[in-house]
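J.: here is my input; please provide its structure:
(chains A and B)
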Amino acid sequence: MSTTGAVSIRGVSKRFGSTLALQILDLEIPPGSFFSLLGPSGCGKTTLLKIVAGLERPDTGTVSADGHEITGRPPERRPFNMVFQNYALFPHMTVADNIGFGLTTGARRERPPDRERRDRVAEMLRLVRLESLSGRYPEPLSALDRNVRFALREELLRIHQELATTFLFVTHDQDEALSISQLVGVMNEGRLEQVADPQAIYRFPATLFTARFIGAGSFFTADVRACGDGRADVDVGERRFSASDAGVAAGGKAQVMLRPEELETAPADQATLSGVVDTCSFFGAHFEISVQTPLGPCRLHVREPRAPGDSLGIRWPDRAGIAYPWEETPSSMDGRTQG
Amino acid sequence: MIGRSRLLTAAVIALVAFIWLPLVVVLVFAFNGGSNLSWPPHGVSLRWFRLIFGDEAFRSGLKASAVAAFSTALAAGAVGTAAAFAFARRPSRLASMLESGSRIPVMLPPLFIGIALVAAMKTFAIDPSMWTIVAGHVIVTTPFVILIVGARLRNYDVTVEQAARDLGATPHTVLRRITFHLVAPSILGAMVVAFAISFDEVLITNFTSGTTQTLPLFVLSRLHRTIDPSVNAVATILLLVPWLAVAITLIWQRTRASRSAAAAPAEELARAA
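T.: Below is the predicted model:
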């Protein structure tokens, strides 16, 4: 891993007319990391990326690269390069000229000679395995299908490993973010909800928003009886169990999230909860069923399909789930997106 | 059903014939060997072209029209492109007001513009010359340039410019190496439109030309005296020069477009022609 490429964002905010695109926000991106900004559309992730690239000026705050402040620098004098969502290729230049463009823009004495530029373009084309398209003009490409996206994801990882430089990746697709990043920043309404590695984001979402946005889960309203040592004893209906504490207070209300894989089906005599199957969806390795229970809807994974309308016993582990302070209105529905 | 569609076909053919017939008549008589305008023409010859090219007045008229049209294309192209950039890239209330204002010359009767120019020339004691001819033509052609170039600037993807900045290009380099290349076909198309309008403009020119006689003015003065077949030859030249300009531009844009994905707005030009 290289030791350059650290980006630090301090106190950055941005307003467009009456909408606050970014609330005051701090973020440290470690050098050489693959960092993803994940969030629903309109959460401010693209604005933040453009501020880092220099295509937008923040209203407040500073952006630094490797310790040097660059907030006021125009994009052409920043040590970053951006890949645009719509590719933004130059239609009047060949593929090779598109790739080599960045080597032709500097001050005359800093530009590499033509020969070196051609060599480096050829090297880049080899890196992305597109040597055969060198002399062609770029053609508009429609949205990528799932297989190409997978291949592209692996390609990105491979290029990141090869270049050992910092990647800042912006996406609304959680599968994409979780599968390739070393660090993920979850954004919502112009704020950073959580910055952590993908496993932590999935297993221990710090806020209710992140819990709802990432993956699938069942959410139950609970009463908090006691808390301490990072655990909270909560009552869901008749049932008391120990959940991870995400900031609840004893005596208050909480929302408890359980991942589908934490719940199991059980025969009626061993079940702690019973319900009726609502829907059953196939995901290749498993089926995901949603079940209506007296405590509310819940989701779990099963190996065999269940017919809607079947009654089902659910076994609830003694230690499971995460308890979040109760919110009157969820800041957004659980943003489950698959693929 | 079949009867009705046949009727429709016949009607369309009749309509097209009605539109094209005068054109064909002019072309046929331009190459007519006979010495009067009676049907049928007598053989094929270039005698009328020889005659008018031998005429000093015609030659100077053609030259004057060519100079006026080239100058108009250059001036309207430059002014109109600059204005289109300002309107498209610096949106403000003032800009949108100015942009609406810039379309006014299209809606004004040319006769009014002509009279206004004469009045202005009298007021400011400006003598009619090639300069005043071009000034009048620039007034009527610039709105078309603003319209054509502005349309292109508004329907293209500005992220390519951001991408260029991101790759180290200064704003000036972006303008020169990206924006200009993508807008160039439209600028050229707009300039050809300005050229074509200027080349056969007669109403305004009539007021601003003074002693300079452009080709259309030459035709008018000749028709005053007599209608002889050489008028057909002149009309043919008036027709072919702008067509030639448009054809050359279209070919250039097509080859460019087929070479790259930068879809040149050739349709705009074709429509205007």
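
J.: and the helix or strand encompassing B:Ala11, how far out from the chain middle?
T.: Under the criterion of DSSP states H and E, B:Ala11 resides in helix B:2-30. Centre-to-centre, helix B:2-30 and its host chain are 26 Å apart (C-alpha atoms, centre = their mean, to the nearest Å).

J.: how about residues contacting the helix or strand following that helix?
T.: Counting by DSSP H and E, the element after helix B:2-30 in chain order, helix or strand, is helix B:47-54. Helix B:47-54 is contacted from outside by B:Ala30, B:Phe31, B:Asn32, B:Gly33, B:Phe58, B:Arg59, B:Pro229, B:Ser230, B:Asn232, B:Ala233, B:Val234, using C-beta atoms under 8 Å, 6 or more residues apart in numbering or on different chains. For every residue, glycine as well, the C-beta is placed using N, CA and C.

J.: residues in chain A within reach of chain B, list them.
T.: A:53-55, A:74-78, A:80-82, A:84, A:86, A:88-93, A:101-102, A:105-106, A:137-140 (C-beta under 8 Å from any C-beta of the partner chain).

J.: cutoff 7 Å now
T.: For chain A, the residues in contact with chain B (C-beta under 7 Å from any C-beta of the partner chain) are A:53, A:55, A:74-76, A:81-82, A:84, A:86, A:88, A:90-92, A:101-102, A:105-106, A:137-140.

J.: just the buried ones from these?
T.: A:53, A:55, A:75-76, A:82, A:88, A:90-92, A:101-102, A:105-106, A:137-138 (16 or more other C-beta atoms under 10 Å in any protein chain shown).

J.: okay, the contacts of helix B:47-54 in a markdown table with neighbour count and distance to A:Ile70 next?
T.: Shown next, in a markdown table, are these (neighbours: other C-beta atoms under 10 Å in any protein chain shown; distance: C-beta to C-beta, whole Å):
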| residue | neighbour count | distance to A:Ile70 |
| --- | --- | --- |
| B:Ala30 | 23 | 69 |
| B:Phe31 | 18 | 72 |
| B:Asn32 | 23 | 76 |
| B:Gly33 | 13 | 79 |
| B:Phe58 | 21 | 67 |
| B:Arg59 | 14 | 65 |
| B:Pro229 | 19 | 76 |
| B:Ser230 | 23 | 73 |
| B:Asn232 | 22 | 71 |
| B:Ala233 | 25 | 69 |
| B:Val234 | 24 | 67 |
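
J.: determine which two of the residues you listed are furthest apart.
T.: Taking C-beta to C-beta as the measure, the contacts of helix B:47-54 reach their widest spread between B:Gly33 and B:Arg59, a distance of 23.1 Å.

J.: excluding chain neighbours, what is closest to A:Leu183?
T.: In space, and not counting its chain neighbours, A:Leu183 is closest to A:Phe35: 4.8 Å by C-beta to C-beta, 6 or more residues apart in numbering or on different chains.

J.: residues touching the one you found, list them.
T.: A:Ile29, A:Phe167, A:Leu168, A:Phe169, A:Ser181, A:Leu183, A:Gly185 (C-beta atoms under 7 Å, 6 or more residues apart in numbering or on different chains).

J.: so which of those residues sit within strands?
T.: Applying DSSP state E to the contacts of A:Phe35, the entries found in strands are A:Ile29, A:Phe167, A:Leu168, A:Phe169, A:Leu183, A:Gly185.

J.: closest one of those residues to B:Arg254?
T.: Distance to B:Arg254, by C-beta to C-beta, is smallest for A:Phe169 among those, at 40.4 Å.

J.: any idea how far that closest one is from A:Ala53?
T.: In this view, A:Phe169 and A:Ala53 are 13 Å apart by C-beta to C-beta, to the nearest Å.

J.: what comes up buried for stretch B:73-91?
T.: Quick answer for stretch B:73-91 (16+ other C-beta under 10 Å): B:73, B:75-77, B:79-81, B:83-88.

J.: mind listing what the helix or strand harbouring A:Gln23 pairs with, with the direction of each?
T.: Assigned by DSSP H and E, A:Gln23 falls within strand A:19-29. Sheet pairing for strand A:19-29, assigned by DSSP bridges, gives strand A:7-16 (antiparallel).

J.: surely B:Ile204 touches B:Gly136?
T.: Yes - taking contacts as C-beta atoms under 7 Å, B:Ile204 lies within contact range of B:Gly136: 4.2 Å.

J.: got any residues that touch both of the two?
T.: B:Ile113, B:Leu117.

J.: these two: which is more packed in?
T.: B:Gly136 (29 against 25; other C-beta atoms under 10 Å in any protein chain shown).

J.: averaged pLDDT, the helix or strand harbouring that one. What do you get?
T.: Assessed by DSSP H and E, B:Gly136 sits inside helix B:130-154. For helix B:130-154, mean pLDDT is 92.

J.: tell me which strands and helices it is in contact with?
T.: helix B:56-89, helix B:104-107, helix B:110-123, helix B:180-199, helix B:203-208 (3 or more C-beta pairs under 7 Å, 6 or more residues apart in numbering or on different chains; DSSP states H and E).

J.: of those helices, which is nearest A:Val224?
T.: Among the helices and strands packed on helix B:130-154, helix B:56-89 sits nearest to A:Val224 (C-beta to C-beta), with 57.6 Å.

J.: now do that closest one against helix B:47-54, angle only.
T.: 80 degrees (axes from the mean of the first three to the mean of the last three C-alpha atoms, to 10 degrees).

J.: can you give me the helices in the stretch 151-300 of chain A?
T.: With DSSP state H, counting those that start in this stretch as the criterion, the stretch 151-300 of chain A has helices at A:174-180, A:198-203, A:208-213.

J.: in JSON lines, list those along with mean pLDDT and mean neighbour count.
T.: Shown next, in JSON lines, are the helices of the stretch 151-300 of chain A (pLDDT from 0 to 100; neighbours: other C-beta atoms under 10 Å in any protein chain shown):
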{"stretch": "helix A:174-180", "mean pLDDT": "88", "mean neighbour count": "19"}
{"stretch": "helix A:198-203", "mean pLDDT": "92", "mean neighbour count": "17"}
{"stretch": "helix A:208-213", "mean pLDDT": "91", "mean neighbour count": "26"}
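
J.: where does pLDDT dip in the stretch 101-250 of chain A?
T.: A:140-145 (pLDDT under 70).

J.: let's see 80
T.: The stretch 101-250 of chain A contains residues with pLDDT under 80 at A:106-110, A:127-130, A:138-149, A:238.

J.: ditto for chain B
T.: Scanning chain B for pLDDT under 80 picks out the ranges B:1-4, B:32-45, B:47, B:156, B:222-230, B:253, B:255-273.

J.: just want the most central residue of it.
T.: B:Ala196 (2.2 Å; C-alpha atoms, centre = their mean).

J.: what about that residue, distance to B:Val44?
T.: 28 Å.

J.: and the residue of the stretch 1-150 of chain B found nearest chain A, which of the three is it?
T.: Residue nearest to chain A within the stretch 1-150 of chain B: B:Pro91 (14.0 Å; C-beta to the nearest C-beta). Under DSSP: H, G, I helix; E, B strand; the rest coil, the three-state class of B:Pro91 is coil.

J.: list the contacts of the one residue sitting closest to the centre of chain A.
T.: Nearest to the mean C-alpha position of chain A, by C-alpha atoms, centre = their mean, lies A:Leu38 at 3.2 Å. A:Leu38 sits next to A:Thr171, A:Gln174, A:Ala177, A:Val184, A:Gly185, A:Val186, A:Met187 when contact means C-beta under 7 Å, 6+ apart.

J.: if we go to 6 Å?
T.: A:Gln174, A:Ala177, A:Val184, A:Val186 (C-beta atoms under 6 Å, 6 or more residues apart in numbering or on different chains).

J.: what does A:Ser244 give?
T.: A:Ile322 are the contacts of A:Ser244 under C-beta under 6 Å, 6+ apart.

J.: and residue 222, what is it in contact with?
T.: In the absence of a named chain, this looks at chain A. Taking C-beta under 6 Å, 6+ apart, one finds A:Val234, A:Val236, A:Ala254, A:Val256 in contact with A:Ala222.

J.: could you flag which of the residues you listed are buried?
T.: A:Val234, A:Val236, A:Ala254, A:Val256.
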